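**Student:** Got a predicted model here, sequence first, then my questions.
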Amino acid sequence: MKIMCIEKNKLPSRIVDVTVASKEDIFELIKDSNISWIERPLAEKDIKYKQFIPYVLLEREDGLFACYQRHGTETRLHEKYSAGVGGHIDEPDNQNDARKTMETGMYRELSEELSNFQKNMIDLEYLGIINEVESEVGLVHIGIVFVAKCKAGYIPTAAYELKNMEWKTKDEISKLDKELWTELAFRLI
C-alpha cells in the first residue's frame with residue numbers, strides 16, 4: 001500500500017530538523033504537487049521522506065482525554081502510552097487536495113480505531129505540527145495534530161487496536177510513560 005509522504009527538503013528545516021511542536025499551518029507549508037505516494041515498507045526506512053500522520057486527541061465534554069497503551073502495528077512504540085489516534089494516509093484516501101486527502105484518511109482511521117465513531121458528533125480543530133528527531137519512528141514521520149471535541153453525550157469507545165483506552169486528565173497523562181508525540185501534542189493545547 002502506498003502512503004502519503006513529502007520529501008523532507010520540501011518542508012522548512014525549523015520543522016523537520018528538530019524536535020518541535022509548532023502551531024504553523026501545514027497546509028500553508030506544502031503544495032499539493034509536493035506530495036509523494038510511496039510504498040510503506042520503503043517509506044519506513046527512507047529518511048529523505050516524511051510520512052504524514054494525522055494525530056487526533058479525543059477530548060470529552062468533561063475535559064478528559066483518551067489515552068491507551070500501544071500494542072498495535074508500530075512495534076517501535078509498544079508499551080508506551082499515547083493520546084493520539086490516527087495513522088497513515090493511504091493512496092485510496094487521495095482527493096487531489098492535501099487537506100481533503102488528510103481529512104479523508106483521518107476519518108477512515110478514526111472509524112477503524114473507534115467502534116462507535118460518529119463524524120457528526122465531534123468538532124474537529126487543527127492544532128499544528130509535531131516532529132521529533134530522536135527516534136527511528138520520528139525520523140520518517142510528521143504528526144499533523146487535531147483535537148476532536150466530543151459533543152454532549154458522545155463518548156467514543158475503542159475498537160480492538162485501542163482496546164485498553166481510558167479517559168484521563170492532562171495531568172494524569174503527563175505522569176505516564178508516554179510516547180514523545182503525546183507530550184509534543186499537548187504543548188499545542
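**Tutor:** Perfect, thanks for sending it. Numbering: from 1, shown residues only.
**Student:** can you give me the strands in the chain?
**Tutor:** Assigned by DSSP state E, the strands in the chain fall at 2-7, 20-22, 35-39, 49-59, 65-69, 81-82, 84-85, 122-131, 141-150, 166-168.
**Student:** Now do the buried residues in stretch 124-132.
**Tutor:** 126-132 (16 or more other Cβ atoms under 10 Å). Where you see a C-beta, it was placed from the backbone N, CA and C, and this is true even at glycine.
**Student:** and what of stretch 18-38?
**Tutor:** For stretch 18-38, burial by neighbour count (16+ other Cβ under 10 Å) applies to 20-22, 26, 29-30, 35, 38.
**Student:** Now tabulate the strands of the chain in TSV and tack on distance to Phe186.
**Tutor:** Shown next, in TSV, are these (distance: least, Cβ to Cβ, whole Å):
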stretch	distance to Phe186
strand 2-7	25
strand 20-22	8
strand 35-39	28
strand 49-59	8
strand 65-69	8
strand 81-82	11
strand 84-85	10
strand 122-131	10
strand 141-150	9
strand 166-168	12
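**Student:** Of these, which is nearest Glu113?
**Tutor:** Glu113 lies closest, by Cβ to Cβ, to one member of these: strand 84-85, at 5.4 Å.
**Student:** any idea how far the closest one is from the chain center?
**Tutor:** 6 Å (Cα atoms, centre = their mean, to the nearest Å).
**Student:** Mean confidence (pLDDT) on it, please.
**Tutor:** Here strand 84-85 scores 94 as its mean pLDDT.
**Student:** Which strands or helices does it pack on?
**Tutor:** Other elements packing on strand 84-85 under the criterion 3 or more Cβ pairs under 8 Å, 6 or more residues apart in numbering; DSSP states H and E are strand 49-59, helix 98-113, helix 180-187.
**Student:** Show me what the shortest one is packed up against.
**Tutor:** If you count contacts as 3+ Cβ pairs under 8 Å, 6+ apart, helix 180-187 packs onto strand 20-22, strand 49-59, strand 81-82, strand 84-85, strand 122-131, strand 141-150, helix 170-174.
**Student:** Out of the helices and strands packed on strand 84-85, which one sits most buried?
**Tutor:** strand 49-59 (a mean of 25; mean count of other Cβ atoms under 10 Å).
**Student:** what is the mean pLDDT for that strand?
**Tutor:** On average, strand 49-59 scores 97.
**Student:** Ok, stretch 23-30 next?
**Tutor:** Here the average pLDDT along stretch 23-30 is 94.
**Student:** what about that stretch, start to end distance?
**Tutor:** 15 Å (Cα to Cα, to the nearest Å).
**Student:** For that stretch, give me every contacting residue.
**Tutor:** 6, 10-12, 15, 98-99, 126-129, 142, 144, 188 (Cβ atoms under 8 Å, 6 or more residues apart in numbering).
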